[in-house]
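Trainee: I'd like to go over a predicted model; first the sequence, then the structure.
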Amino acid sequence: MRLKTTGSARQIVLTIPNCLGFFPYSRSRLRDREPGGEKAVPHPSPSARSFLERCPQEVAEIFRYWEEKCGNRAMPRRADIDPEDFVRHLPGILLVDVEGLDASGVGIYRYRVVGTAEVTLRGHDPTGKRIEEGFWGPTLEDVIDSYEFVRKNRTFLYDPNAYVTPEGRLSKESTIFLPLSEDGVSVTQVLVYSISHEKDVDA
């Protein structure tokens, strides 16, 4: 077991053997993803939906809601999404705007809606700020890569993660990134849902 600090002083990432079901992430692993895939698994499943067999029920519920709203399209519009349809999930919801590309061709992402659980996790409300100013994850690079994967492939991404909280508890976090599009072609927003399960850990 190995602990290391990350770009965020409030978070410690836990690297532990894969046999326990958690996987350390690196930028190189993103190249192994398939569209509509699962992040950082040693042997990516040929079925993009296979994550539904092991993800938390809440994640599956949000995914199926998004999938239903897609209809016969690759992505639903923002207007298709009604927060009243998933009230109990709202604390873990993020809505992120895609504001074009920067000079390097990387997407510019800004928080439009941030659920109360996500605010508590960060210790501040990043609503209206760019991802760089309010991200929560192993590294900024890892977070941006997740959004870039969704934007470029115009599909969802399931991202399991594990870290030790400042209180010394092991948190297994499951996050689903879901693209939205106003024109059916370009990703204009990303709907994100995240849920954490914590337990004591001998750190």
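Mentor: Sure, I can see it.
Trainee: which helix or strand contains the residue most central in space within the chain?
Mentor: With distances taken as Cα atoms, centre = their mean, residue 175 lies nearest the centre of the chain, 4.0 Å away. Here residue 175 sits within strand 169-180, counting by DSSP states H and E.
Trainee: same question for residue 119.
Mentor: Going by DSSP H and E, residue 119 is part of helix 116-122.
Trainee: which strands or helices does the helix or strand following that helix pack on?
Mentor: Sequence-wise, the next helix or strand downstream of helix 116-122 (DSSP H and E) is helix 131-134. Applying 3 or more Cβ pairs under 8 Å, 6 or more residues apart in numbering; DSSP states H and E, we find helix 131-134 packed against strand 107-114, helix 140-153. C-beta here means a position set from N, CA and C on the backbone, and glycine is covered the same way.
Trainee: picking that back up, for the helix holding residue 119, give the mean pLDDT please.
Mentor: The average pLDDT within helix 116-122 is 92.
Trainee: pLDDT below threshold where in the chain?
Mentor: Scanning the chain for pLDDT under 70 picks out 1-47, 165-167, 198-203.
Trainee: quick one: the strands in it?
Mentor: 2-5, 12-15, 37-38, 93-101, 107-114, 157-164, 169-180, 189-200 (DSSP state E).
Trainee: closest one to residue 70 among the ones you listed?
Mentor: strand 169-180 (9.3 Å; Cβ to Cβ).
Trainee: can you give me the buried ones in that closest one?
Mentor: Going by neighbour count (16 or more other Cβ atoms under 10 Å), the buried part of strand 169-180 is 170-180.
Trainee: sounds good, over and out.
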